[in-house]
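Participant: Fold the following, please.
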Amino acid sequence: MKRLLVFGSLAVFGFCFSGLAFAETDPEILLEKIYQAQEDLKETTISWETREIIRSGKRKVKGKIQSVKTKEEVVVGREIALRAWDPDSDKFYTVYLSTPYPTPKPFAFSVLTSGYEVEHVAGRAISKLNFKVWQDGKRLLVLAGKHFWIPPNLEKERSYSKLLVGAKEAIYTPYSEDFYSRYFVKEGVKFLVSEIERAKKDLRERGAMSRALPYKLLADAMPTDYILNLGLNEQMDHEKFARDPRRAADEIAIEYAIELEDAFRWIASAANARGAFQFTNRGRGRRLGTYDTVVNTYEEVELLEDFEDGTQNLQNMIKAAICLLDTELAKFPKEAHELFERDYRVASYYTSAAYNGGWGKANQLYKWVKRNKKKLAADSFNMPLSAVGNRETHTYLQKQAYLWSFIDEAKADIESKNQKER
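Facilitator: Numbering: from 1, shown residues only. Next comes the predicted model:
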């Protein structure tokens, strides 16, 4: 369905109305309301705004070059539907916005539903796009949004017919300050652990064997806490981590609690790294990309072959990440394999460096540590930048070191709660 939308003044509103004390809302109830809002939006329709344009050109007709004009329908705008909730009355409201297409910088929009004021808080892409909503001066809590997700290969495409086929409707609730709570953090960690265990159960049932440790099942070669660390680390912002490590980790865990299996599904980085575990697939000539290589190497795992589908499926992503880590570990000498079995939290610096920066960076780190006779510590990556030669990977390993204590604390909190409930 398409609809003609009128943009009018494309403004970003800001207000000083006194909002509700959202922090006082029971977090367990709030999480259920988020799930309800996401479910409600499944029945909500969003539309494109299109415009017909005429293109002039030339073509050969009966041996003669003639001028021709063709009509084409192009997309000039798109709708966003927000699902907002009033905790006082326990009522939900749907608020429609429209934004020009392609998405402008800075982000601009107009409010289509009368009676509401809307502020753009942050973000441009689905997973980061945050709004605040007021009705008659009273702030409502935005619990979910419905958008068109446009794959990277169509980001510059304006043809309505092509976008109609290639784009997908996406329902998402990005992290916002309104959702910050320890309950959400624990629920997010709990969920991701359960998803990892479910993926490992499938690997065991398939009898998939490790290439690095061939006497072990693949599921047993890679510890659950390591995959949990990776799942948090891949989405943690470097700058936020530098300012406040705890808050940076909390926000990622919270998003897993809010989105469950759809968490980070629509993420695509500037390097086209996709999904929760940020896989790339840049092949050259006959050389396969990372994702295709993993799919082919671990045929018994039966990973989804299509890169886009595979990176938008959390279970598939977890299994692919386990396979890739196993592949990288297999490249190291036996000494590194033995260290991984004795103390994977230390040895995983090498495999994580490979996962993030490629085998070259990982091998450089391994040789630097050996050559300089240094000893790695699981809880602090204090090697110099020259050890890996890449600031991105260096920060990535610092985040990994921090996350071990975060994971241990979260799991202790979960176990304490479970004991109280028994």
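
Participant: helices or strands next to the helix or strand of the chain with the lowest mean pLDDT in the packing?
Facilitator: In the chain, no helix or strand scores lower on mean pLDDT, DSSP states H and E than strand 48-61, which sits at a mean of 82. Contact partners of strand 48-61 among helices and strands, from 3 or more Cβ pairs under 8 Å, 6 or more residues apart in numbering; DSSP states H and E: strand 64-86, helix 160-166. Backbone N, C-alpha and C define where each C-beta goes, glycine included.

Participant: what would these look like in a markdown table with mean neighbour count, mean pLDDT and distance to K105?
Facilitator: Formatted as a markdown table, the helices and strands packed on strand 48-61 follow (neighbours: other Cβ atoms under 10 Å; pLDDT from 0 to 100; distance: least, Cβ to Cβ, whole Å):
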| stretch | mean neighbour count | mean pLDDT | distance to K105 |
| --- | --- | --- | --- |
| strand 64-86 | 17 | 89 | 16 |
| helix 160-166 | 15 | 94 | 20 |
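
Participant: closest one to G123 among these?
Facilitator: Minimum separation from G123 across the helices and strands packed on strand 48-61 (Cβ to Cβ) falls at strand 64-86, 11.7 Å.

Participant: got the angle for that closest one vs strand 48-61?
Facilitator: 170 degrees (axes from the mean of the first three to the mean of the last three Cα atoms, to 10 degrees).

Participant: picking up where we left off before, output the helices and strands packed on strand 48-61 in JSON lines, with distance to E335 appended to each entry.
Facilitator: JSON lines is the format used below for these (distance: least, Cβ to Cβ, whole Å):
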{"stretch": "strand 64-86", "distance to E335": "54"}
{"stretch": "helix 160-166", "distance to E335": "48"}
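
Participant: pLDDT of whichever strand or helix holds G360, averaged?
Facilitator: In this assignment (DSSP states H and E), G360 forms part of helix 359-371. Across helix 359-371, pLDDT averages out at 96.

Participant: Now the element after it, going C-ward?
Facilitator: Downstream of helix 359-371, the next assigned helix or strand under DSSP H and E is helix 391-421.

Participant: Would you mind listing the buried residues in the least confident helix or strand of the chain?
Facilitator: Buried positions in strand 48-61, judged by neighbour count with 16 or more other Cβ atoms under 10 Å: W48, E49, T50.

Participant: now stretch 117-125
Facilitator: E117, V118, H120, V121.

Participant: outside of it, which residues touch it?
Facilitator: 12-15, 82, 95, 97, 103, 105, 107, 109, 111, 128-135, 174, 176, 266-268 (Cβ atoms under 8 Å, 6 or more residues apart in numbering).

Participant: Over to stretch 326-343?
Facilitator: Here stretch 326-343 makes contact (Cβ under 8 Å, 6+ apart) with 210-213, 218, 221-222, 293-294, 297, 346-348, 350-351, 354-355, 359, 362-363, 366, 378.
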